[in-house]
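Novice: Here is a sequence with its predicted model. Questions after.
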Amino acid sequence: MSLDHLMNVFYRILSIIYLNSYSTKYYKSIYNYYMSYLSIKSKNNQNKKCFFRLMPIKDQLRFIITIIGCGYYISINSIQYSDTASFILGDILITHMDQIDPLWNHFRKNMAWLFGYTGILFGYGVYQTLNIKNNKAFQTFILFTIEAYDNFSIEKLYEKNPMKYSRSTAILFIYQECKIGLNLANFRKLFIQIQCCAIIFNFLLHMIGIYIEMNPNRFDYHPLWHYIIRFISLHLQAIIFYFLCSIVYMPLCLIYYTISLGFKTIQLIRHRISNHLKKYQSIMMIFNIEREKYGNNSTIIQRKILLMTRIEKNLFRFYSIYQRLIIFIEECQKYYSKLFLISIMCTILSSQIILKSLRFIRDDDYIIIILYYLLAIDYIINIFLSFTISLFNKHLNSIRYDLQQTICLMNCSSPSFRNKFQMLMYYERLVYRGKLWGIQIGAITVMTTATFSKLILTNARFTMLTNKLF
């Protein structure tokens, strides 16, 4: 039995425990199960039901459990629960026998705010993650990753049902499949491995939490049925934690695949444009020399003109593919930007609550190390994602140098006024300077490295200043 097969077996067993809707009867793989969330609306365009009602029943139940759990922790600051009620409801912040003091009560309330409000924001982020009904290009990308297998290429999928997909995205992916290779099988395998590791890691944390929170030595005496209900409540919280984390891994994997594929496409197209420009420049030099010797009506001159025209057509084709890449990135950024904004909101909220909570715990408490660790991880993830997106946009914007060089060469030597005008139109659509926050490519405003540094410093100042308001 291979390791991948063993992990899949564990995933099927643990899916039952965590109310996961995955089943081999309805889904070909774990990847298809998660991507089916993103294709719910595209498969039910005529259905006027809200997105929530189109989800599987188990997932609807997990959403409801998440709202109830977050609502309980938020209500701790306004409702005074008895020790028995807190114990039964699975409160992991319940005041223990050796920690009955005002500082611990302040810390408990702040942590309740942290769990409640960040959980609500995470839940909203999960809902936005699954809702891509107005993004045809991103829907096409998801459908291709689901339906394209080794024996069924993207070109065949598009020819079979062209109305189902975005034409621009389909042309882009057909080109990438032929020239680069999409490696969808490896991506699906990596995604499945991440999800299997996530559910196993969540199960280990769950068992450790049950061992700590069900230890009778840490609490006053409670009857057996109290412990049974507390065990169920703690299990429901483990379901909430896994549900939120497992959905968050999905856009992260998609971002990784999109950016890596984008880097490869940019590198390939720029390399081919560079080679064609070198050929074009060398032919232009020979053309000018021979035109002085033989005139414009020579057979050699006509061959050079045809060769230059052929290179120009290839350049137009490369810029056309690059333009489709930019359109696809624009659509993806509309989807990813909402999730990134929600993650920044979670970071700001959690950082303020954690910084406030540090005032109410003892200096020698191990909780300080945990809170600082979580805060550092939160900021590192956001900074890493911001820098990666900034670096990708910088590479995406690098096409302007090739465009400028192409325009200069064609203005000097191209015999076709139509080709010159067409290249100027490409430049006008793809590159336009004059945006405050960076450089605009199409509808994208590229965040340059300098702008990225300014935003990070602004975020740090905002965190320090707003900490005084709490």
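Specialist: Alright, I've got the coordinates. Note that the structure is a prediction, hence the values are computed from the model and not measured. Residues are numbered from 1 along each chain as shown.
Novice: going forward, measure contacts between C-alpha atoms and count neighbours the same way
Specialist: Noted.
Novice: Poorly predicted segments of the stretch 101-250 of the chain, please.
Specialist: Across the stretch 101-250 of the chain, residues meeting the criterion (pLDDT under 70) sit at 101-104, 133, 150-152, 218-220.
Novice: Mind jotting down where the strands sit in this structure?
Specialist: The residue ranges that make up the strands of the chain, judged by DSSP state E, are 432-435, 438-441, 444-446.
Novice: Report how many residues lie close to Cys178.
Specialist: 12 (other Cα atoms under 10 Å).
Novice: scratch that, His271 is what I was asking about
Specialist: His271 - counted by other Cα under 10 Å - has 12 other residues nearby.
Novice: pLDDT score assigned to it?
Specialist: The predicted structure scores His271 at 92 on the pLDDT scale.
Novice: Please report the distance of it from Leu315.
Specialist: Applying Cα to Cα, to the nearest Å, the value for His271 to Leu315 is 12 Å.
Novice: just Asn202 next, same as before
Specialist: 51 Å.
Novice: which ones are touching Phe203?
Specialist: The contact partners of Phe203, by Cα atoms under 8 Å, 6 or more residues apart in numbering, come to Leu14.
Novice: How about Leu375?
Specialist: Listed by Cα under 8 Å, 6+ apart, the contact set of Leu375 reads 350-351, 354.
Novice: now do 10 Å
Specialist: In this structure, Leu375 makes contact with 347, 350-352, 354-355, 369, judged by Cα atoms under 10 Å, 6 or more residues apart in numbering.
Novice: Name the residues contacting each of His271 and Leu315.
Specialist: Residues touching both His271 and Leu315 (Cα under 10 Å, 6+ apart): Leu277.
Novice: Serialize the contacts of Leu375 to CSV and add fields for distance to Ser15.
Specialist: Written out in CSV, the entries for these read as follows (distance: Cα to Cα, whole Å):
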residue, distance to Ser15
Thr347, 29
Ser350, 29
Ser351, 32
Gln352, 35
Ile354, 32
Leu355, 36
Ile369, 32
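Novice: PyMOL command for the buried members of those residues?
Specialist: For selection in PyMOL, the members of these meeting the burial criterion (16 or more other Cα atoms under 10 Å) are listed in this command:
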select buried, resi 347+350+351+352+354+355
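Novice: For the contacts of Leu375, give me TSV that also has distance to Leu403 and pLDDT.
Specialist: Converted to TSV, these look like this (distance: Cα to Cα, whole Å; pLDDT from 0 to 100):
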residue	distance to Leu403	pLDDT
Thr347	40	75
Ser350	45	73
Ser351	44	74
Gln352	46	72
Ile354	49	72
Leu355	49	71
Ile369	52	67
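Novice: Could you find which two of the contacts of Leu375 are furthest from each other?
Specialist: Thr347 and Ile369 (17.9 Å; Cα to Cα).
Novice: how close does the nearest residue to Ser351 once chain neighbours are set aside sit to Val248?
Specialist: On the basis of Cα to Cα, 6 or more residues apart in numbering, the spatially nearest residue to Ser351 that is not a chain neighbour turns out to be Leu375, at 6.3 Å. Here the distance between Leu375 and Val248 works out to 18 Å (Cα to Cα).
Novice: Nearest residue to the residue most central in space within the chain in space, ignoring adjacent ones along the chain?
Specialist: If you average the C-alpha coordinates of the chain and look for the closest C-alpha using Cα atoms, centre = their mean, you land on Pro251, 3.4 Å from that point. Leaving out its chain neighbours, the residue that sits closest to Pro251 by Cα to Cα, 6+ apart is Thr129, at 7.1 Å.
Novice: I figured that neighbour was touching Ser343, is that so?
Specialist: No. Contact criterion Cα atoms under 10 Å: Thr129 and Ser343 do not qualify, at 11.7 Å.
Novice: And Ser351, how far from Val126?
Specialist: Ser351 is 20 Å from Val126, where distance means Cα to Cα.
Novice: Asn217 now?
Specialist: Separation of Asn217 from Val126 (Cα to Cα) stands at 38 Å.
Novice: Pick out whichever of those two has more residues nearby.
Specialist: Just comparing Asn217 and Val126: by other Cα under 10 Å the higher neighbour count belongs to Val126, 22 against 10.
Novice: can you pull the contacts of the closest residue to the more buried one other than its chain neighbours?
Specialist: Counting by Cα to Cα, 6+ apart, the nearest residue to Val126 once its immediate chain neighbours are dropped is Ile247, at 6.4 Å. Contacts were defined as Cα under 10 Å, 6+ apart; by that measure Ile247 touches 34, 37, 122-123, 125-127, 129-130, 195.
Novice: Among these, which ones are in helices?
Specialist: The helices in this structure, assigned by DSSP state H, contain 34, 37, 122-123, 125-127, 129-130, 195 from the contacts of Ile247.
Novice: any weak-confidence spans in the stretch 301-450 of the chain?
Specialist: Residue ranges of the stretch 301-450 of the chain with pLDDT under 70: 301, 357-371, 374, 413-418, 420-422, 424-450.
Novice: residue boundaries of the helices in it?
Specialist: Assignment of helices within the stretch 301-450 of the chain using DSSP state H, counting those that start in this stretch yields the ranges 366-397, 399-413, 417-430, 449-466.
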